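> Can you look at this prediction? I've put the sequence above it.
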Amino acid sequence: MAILIPVAPGKCTLSETQVFRRMEQELNDDCVVLHSLHLLQHATKISGEADFVVLSTKGIFVIEVKGSRRIACKDGIWRFGNPGSTDYYEKPESPFVQAERAMFSVRDVIARTPAFRDLLIGHGVIMPNCIFMADGPEIEQAVLLDARNWHKNLGYYVGALARHWEGVYRDRHGRDRRAPTRPEIVEIRQLLRPDFESTPALGTLFNGLEQRLLALSNEQIRALRGMENNPRTLIKGRAGTGKTVIARDRAMRLARDGKRVLYICFNQLLARHLTAGLAGTPEAPRIQVRHLHNLFSDAIVRAGLSRRLDELEKESGDLFGTAYPQAFTEAVIQCGYEQADVLIVDEAQDLLTLENLDALDLLVEDGIQKGCWSFFLDPLQNIYGARSNEALASLGRAGFASYDLLENCRNTREVATQGSIISGIDAAMEGAIPGVQCECVFYGNSDELIRKLDEEVRNLVAGGVAPVDIVILSTRRLENSAISGRETFGGVRIQEIHDGNLKTDALHFSTMHGFKGLERKVVLAIDLERIGEEQVQLLHYVGLSRAQTFLRPFIPKHQRDNYNQQAQRFGERMAGQQ
């Protein structure tokens, strides 16, 4: 995985963002990529900019990116985009000339160090959205990557650039150029974009970390590609490994292919969040996101079987795993149900019983045995025990491809570590990026907790963190929590997330269980009064892993010894894995 500087693409074109993400994922870890490198001493301008500068052990390459779907040249003027549209613009020089001149400027900076004057330096042009077949004296097809080969790994493109420019230097100048070593790449990076020390605002820092976390991991990309080739798939991963991200991505890809997708999840808030996120997209009409038990309930009520549901619950003693799916099955037999082309089940660990599988079988064309489906689950959140194993065995008889997600793409390492200590259940550590420290706040009484929480929120907001990016998570409902009766913290109003119509200028509150499947940049965790107890381990695991970039646990002082014991056990577990 390449190192990109800065860690997030910032304000740039969509095509540059696409290239940024793919370079991060597809180039080797010996590559350093500088994005939007400002060139004060440009070869032909007072100043200029290089879209990307790739520093690799194959060579140094300056890349110009053009995202237009139409590119033309008339009367010596290059035109990008559709004439008459708002994104139409003109340039006196071709993308190849722009890339070449930026390359000369980069080369001049590097050549100030005599030891670097024999390095292989070249340029390239990427046009991901169009097929560019033109030829001419200022067009160099050999350095072009356009829509014809955009699907190929960018590592191959960098290798092709290296081979091309090696040949150019050999043919034109009669000598070879060498590629930089890894230590030289570090030095060159300092020449082009030197380090300096500053103190970023918290909001800016968290935004940068969030953008880095949003990049798909190699495992996620592999799972997505696997799902394209297999009609039935099972995706497993701990909290934070991005199951919902690729489930949503899978749904949108299928919708673009004309499929009718039914996306099922266990959490009502997650269903609401996903529906809102899809609203207005071209794919939305073909994707139906449903909370499973609301879907069951609608069908049961429509069939007039509400009383039957009550009877089944009394018989089984299990509303969600048995009574609901059985009543739904009877409702479908009575009234029918329009099946989807594809079924996607998120949070599947909360739904894995044979009875639920029988009900899900009715929702997808050709059923579970022969239909097209993907299940996403966290094996550490198995609430049905042996019943889940029976359900998985039943799925196995249908045949499916299985993929494991091991890399943490939601939490920073500090968040994952703190959540693992308190819960006693280890979040995924592999791939977790470094972030800011997430130290616990210990308090003696409720007044001290209120004062410390107020101070924390005030500092976060003053540091540029938007209130909408902060959530207070509790093991209890608001009226029973340690902050019951409070209306504001740090001058910001509190709003329960279940209220709906959420305000962006409010500080949101939720139970840990109710926030399952969602996430926030900042989580302030309260009511942690039973650290280390088996009954709350899973709740803490689910809740604390919701934090993306910053987690602040507020813990009563009488729980300090329990916390220290948990920290010691976590250290022992980590040592045992080495």
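Cool, the structure landed.
> where in this protein is pLDDT low?
For the chain, the stretches with pLDDT under 70 are 8, 10, 40-48, 69, 81-88, 195-219, 500, 578.
> domains of it?
Following automatic domain parsing, one finds the domains of the chain at 3-192, 216-405, 413-577.
> Switch the ones you listed over to CSV; also include mean neighbour count.
The way it works is simple: take the backbone N, C-alpha and C, and place the C-beta from them, glycine included. Compiled in CSV, the domains of the chain are given as follows (neighbours: other CB atoms under 10 Å):
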stretch, mean neighbour count
domain 3-192, 17
domain 216-405, 19
domain 413-577, 18
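> how far out from the middle of the chain is whichever helix in the chain runs longest?
Counting residues, the longest helix found in the chain (DSSP state H) is helix 154-173. The chain centroid and the centroid of helix 154-173 are separated by 34 Å under CA atoms, centre = their mean, to the nearest Å.
> can you list contacts of that helix?
Identification of contacts with helix 154-173 by CB atoms under 8 Å, 6 or more residues apart in numbering yields 19, 22-23, 26-28, 31, 54, 56, 58-59, 61, 120-122, 124, 126, 142-143, 145, 149, 175-177, 179.
> just the CA coordinates of that helix, formatted as PDB?
Extracted C-alpha coordinates of helix 154-173, given in PDB (Å, rounded to 0.1, in the frame of the first residue of the first chain):
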ATOM      1  CA  LEU A 154      -1.800   1.000 -11.600                       C
ATOM      2  CA  GLY A 155       1.300  -0.800 -10.600                       C
ATOM      3  CA  TYR A 156       1.500  -2.100 -14.200                       C
ATOM      4  CA  TYR A 157       1.200   1.400 -15.500                       C
ATOM      5  CA  VAL A 158       4.100   2.600 -13.400                       C
ATOM      6  CA  GLY A 159       6.100  -0.300 -14.700                       C
ATOM      7  CA  ALA A 160       5.200   0.500 -18.300                       C
ATOM      8  CA  LEU A 161       6.300   4.200 -17.700                       C
ATOM      9  CA  ALA A 162       9.600   2.900 -16.300                       C
ATOM     10  CA  ARG A 163      10.300   0.700 -19.300                       C
ATOM     11  CA  HIS A 164       9.300   3.500 -21.700                       C
ATOM     12  CA  TRP A 165      11.500   6.200 -20.200                       C
ATOM     13  CA  GLU A 166      14.400   3.800 -19.800                       C
ATOM     14  CA  GLY A 167      14.200   3.200 -23.600                       C
ATOM     15  CA  VAL A 168      13.900   6.900 -24.300                       C
ATOM     16  CA  TYR A 169      17.000   7.800 -22.300                       C
ATOM     17  CA  ARG A 170      18.900   5.000 -23.900                       C
ATOM     18  CA  ASP A 171      17.800   5.800 -27.500                       C
ATOM     19  CA  ARG A 172      18.000   9.600 -27.300                       C
ATOM     20  CA  HIS A 173      20.900  10.100 -25.000                       C
END
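> what's the following helix or strand after that helix?
For helix 154-173, the following helix or strand on the C-terminal side (DSSP states H and E) is helix 182-192.
> what helices or strands is that next one leaning on?
Where contact means 3 or more CB pairs under 8 Å, 6 or more residues apart in numbering; DSSP states H and E, helix 182-192 is packed against strand 32-39, strand 48-56, helix 95-110.
> CA atoms of the second one as CSV?
Written as CSV, here are the backbone C-alpha positions of strand 48-56 (Å, rounded to 0.1, in the frame of the first residue of the first chain):
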residue,chain,number,x,y,z
GLY,A,48,2.3,25.6,-11.6
GLU,A,49,1.1,22.3,-10.1
ALA,A,50,1.8,18.6,-10.7
ASP,A,51,-1.3,16.5,-10.2
PHE,A,52,0.7,13.5,-8.9
VAL,A,53,4.4,12.8,-8.4
VAL,A,54,5.2,9.1,-8.0
LEU,A,55,8.4,8.4,-6.2
SER,A,56,9.1,4.6,-6.7
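> Show me what whatever helix or strand comes next after it is packed against.
With elements assigned by DSSP H and E, the helix or strand that comes after strand 48-56 is strand 59-65. Identification of packing neighbours for strand 59-65 by 3+ CB pairs under 8 Å, 6+ apart yields helix 14-26, strand 48-56, helix 95-110, strand 121-127, helix 154-173.
> got those as CSV, with distance to residue 516 columns?
Output for the helices and strands packed on strand 59-65, formatted as CSV (distance: least, CB to CB, whole Å):
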stretch, distance to residue 516
helix 14-26, 28
strand 48-56, 39
helix 95-110, 47
strand 121-127, 40
helix 154-173, 36
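> how about these, which one is nearest residue 325?
helix 14-26 (39.3 Å; CB to CB).
> who touches the closest one?
Taking CB under 8 Å, 6+ apart as the rule, helix 14-26 contacts 1-2, 4, 9, 12, 31, 33, 35-36, 51-52, 54, 63, 65-67, 126, 128-129, 153-155, 215-218, 221.
> so how far is it off the chain centroid?
The answer for helix 14-26 is 14 Å, by CA atoms, centre = their mean.
> same deal with stretch 386-400?
Taking mean C-alpha positions (CA atoms, centre = their mean), stretch 386-400 and its chain are 29 Å apart.
> From here on, call the first residue 538.
Sure, I'll start counting at 538 from here, so that last one is stretch 923-937.
> And for that stretch, what's in contact with it?
Outside stretch 923-937, the residues that touch it by CB under 8 Å, 6+ apart are 767, 769-771, 858, 886, 889-891, 893-894, 905-907, 912, 919, 921.
> Go again with 7 Å.
769-771, 858, 886, 889-891, 894, 905-906, 919 (CB atoms under 7 Å, 6 or more residues apart in numbering).
> Cross the residues you listed against helices and list the overlap.
Going by DSSP H, the helices hold 891, 894, 905-906 from the contacts of stretch 923-937.
> Among those, which pair sits farthest apart?
891 and 906 (13.8 Å).
> circling back to that earlier point, of all the helices and strands packed on helix 719-729, which one is nearest residue 825?
strand 569-576 (38.1 Å).
> Which residue ranges of the stretch 838-987 of the chain form helices?
843-853, 861-872, 891-897, 904-907, 923-935, 950-960, 983-999 (DSSP state H, counting those that start in this stretch).
> So which elements touch the shortest one?
In this case it means helix 904-907. helix 923-935 (3 or more CB pairs under 7 Å, 6 or more residues apart in numbering; DSSP states H and E).
> now the first one
Applying 3+ CB pairs under 7 Å, 6+ apart, one finds that helix 843-853 makes contact with helix 861-872.
> how far off helix 843-853 does the helix it packs on point, in degrees?
Helix 861-872 and helix 843-853 are oriented at 140 degrees to each other (axes from the mean of the first three to the mean of the last three CA atoms, to 10 degrees).
> can you list contacts of helix 861-872?
Under the criterion CB under 7 Å, 6+ apart, residues 830, 833, 836-837, 839-840, 842, 845-846, 849, 892-893, 895-896, 899 lie in contact with helix 861-872.
> Relative to residue 1038, which of those residues is nearest.
Of all those, residue 830 has the smallest distance to residue 1038: 22.6 Å, by CB to CB.
> What distance do you get for that closest one to residue 1053?
To residue 1053, residue 830 is 14 Å away according to CB to CB, to the nearest Å.
> swap in residue 887?
From residue 887 over to residue 1053 (counting by CB to CB), the distance is 8 Å.
> hang on, the earlier thing: can you check which of the helices of the stretch 838-987 of the chain gets nearest to residue 1080?
Going by CB to CB, the one of the helices of the stretch 838-987 of the chain nearest residue 1080 is helix 950-960, 8.3 Å.
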